[in-house]
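*Asks:* based on what follows, work out the 3D shape:
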Amino acid sequence: MGWKKQARKNKKQSTTFDLLENRHHVQSYIKGKIPPKEYVESALWKAWKTSPSKNNAMAYKVFVYGPTHHKEKELVHQMVHKNHIKAEKSAVARGQQTITEKGKENPFYAHIKHNAYLLCIHQEPREPNKFYQEQVRQGMFYDQAFPDRVDHISDSVSVEVGMFIQNLTTYLLEYDIDVSYTSCFFRDISKWRKAGLVHSKYRPSVLMTIGHKQVYRNEMLKRWNRLEDDRKPEIDEIIKWM
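*Replies:* Residues are numbered from 1 along each chain as shown. All right, here's what the predicted structure looks like:
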């Protein structure tokens, strides 16, 4: 059975596919339309409960900025914008790009500044639970407990964070709440502290926003008659059966 035919068959059996298929990047949220906090709390609890983690460490922390944290959201948006500029200039310096947008603000980052809830997820060392305390006494190295290992384990923790926000996305979509993400920001925590964002001592992994969409990114592309030009690679380019 072909990829598309199997997908159509499964779609009839699964509302999860429908939820995720209809999720799109949010360019802007409806200002003043705030999803109930209890819905967000419920989705966060479900994501915490169902997301796997190596050694049950969950070596990260989710900082949630609610509807009144305008200053913090503006500061985070500045971190994203400045990183975007630096990335362009660095690409030109390496010869991988010929021009830059000259500091022009990317409209698809607007959701970082204007949203109902902003989640900043940072790595965080975590002490072992009782089971792994015993394993440590027997000689196991529990690297999630040490601040100087944060960068070393960033790949595995980032995978876990990805699973967490994917689960969280599904639970929020069940409440008809929209989300978006970005990984375009400075990883150097000293830059965050210098900017006045002192909620964590450790490197960030991802940013996620929550609210009710005003405009999706794909709607903007459709208006520009560019929707068909912005597609992911075909499945056969990504998945190869051996």
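*Asks:* C-alpha coordinates for stretch 181-197, CSV please?
*Replies:* Taking C-alpha atoms only, stretch 181-197 is exported to CSV below (Å, rounded to 0.1, in the frame of the first residue of the first chain):
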residue,chain,number,x,y,z
TYR,A,181,7.8,27.4,18.1
THR,A,182,11.2,28.7,17.3
SER,A,183,14.8,27.6,17.8
CYS,A,184,16.3,30.8,16.4
PHE,A,185,17.9,32.5,19.5
PHE,A,186,21.1,32.8,21.3
ARG,A,187,22.1,29.6,23.2
ASP,A,188,24.7,31.5,25.3
ILE,A,189,22.9,32.0,28.7
SER,A,190,25.2,35.0,29.5
LYS,A,191,23.4,36.9,26.7
TRP,A,192,20.1,36.2,28.3
ARG,A,193,21.3,37.4,31.7
LYS,A,194,22.8,40.5,30.2
ALA,A,195,19.4,41.2,28.5
GLY,A,196,17.7,41.0,31.9
LEU,A,197,16.3,37.5,31.5
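*Asks:* in it, what's buried?
*Replies:* Buried positions in stretch 181-197, judged by neighbour count with 16 or more other Cβ atoms under 10 Å: 181-182, 184-186, 189, 192, 197. Bear in mind the C-beta positions are built from the backbone N, C-alpha and C, glycine included.
*Asks:* these two touch, right, residue 82 and residue 188?
*Replies:* No: using Cβ atoms under 8 Å, residue 82 is not in contact with residue 188, being 11.5 Å away.
*Asks:* would you map the helices across the chain?
*Replies:* Under the criterion DSSP state H, the chain contains helices at 3-11, 15-21, 37-50, 70-94, 110-113, 130-137, 154-174, 189-194, 217-223, 235-238.
*Asks:* quick one: residues contacting residue 125.
*Replies:* 59, 144-147, 149-150, 202 (Cβ atoms under 8 Å, 6 or more residues apart in numbering).
*Asks:* the same query, at a cut-off of 10 Å, please.
*Replies:* Taking Cβ atoms under 10 Å, 6 or more residues apart in numbering, we find residue 125 in contact with 57, 59-61, 143-150, 153, 201-202.
*Asks:* where in the chain is pLDDT low?
*Replies:* Residue ranges of the chain with pLDDT under 70: 1-14.
*Asks:* centroid-wise, who is the farthest residue in it?
*Replies:* For the chain, the residue at maximal distance from the C-alpha centroid (Cα atoms, centre = their mean) is residue 138, at 36.5 Å.
*Asks:* quickly note the distance from it to residue 132.
*Replies:* Going from residue 138 to residue 132 by Cβ to Cβ, to the nearest Å gives 10 Å.
*Asks:* go on, residue 24?
*Replies:* 40 Å.
*Asks:* do residue 185 as well
*Replies:* Residue 185 is 32 Å from residue 132, by Cβ to Cβ.
*Asks:* cool, and residue 186?
*Replies:* 32 Å.
*Asks:* then residue 126?
*Replies:* 10 Å.
*Asks:* repeat that for residue 78.
*Replies:* When residue 78 is compared with residue 132 (using Cβ to Cβ), they lie 39 Å apart.
*Asks:* residue 27 against residue 110, yeah?
*Replies:* Yes: applying Cβ atoms under 10 Å as the test, residue 27 and residue 110 come out as touching, 6.2 Å apart.
*Asks:* residues shared between the contacts of these two?
*Replies:* Contacts common to residue 27 and residue 110, judged by Cβ under 10 Å, 6+ apart, are 180, 214-215.
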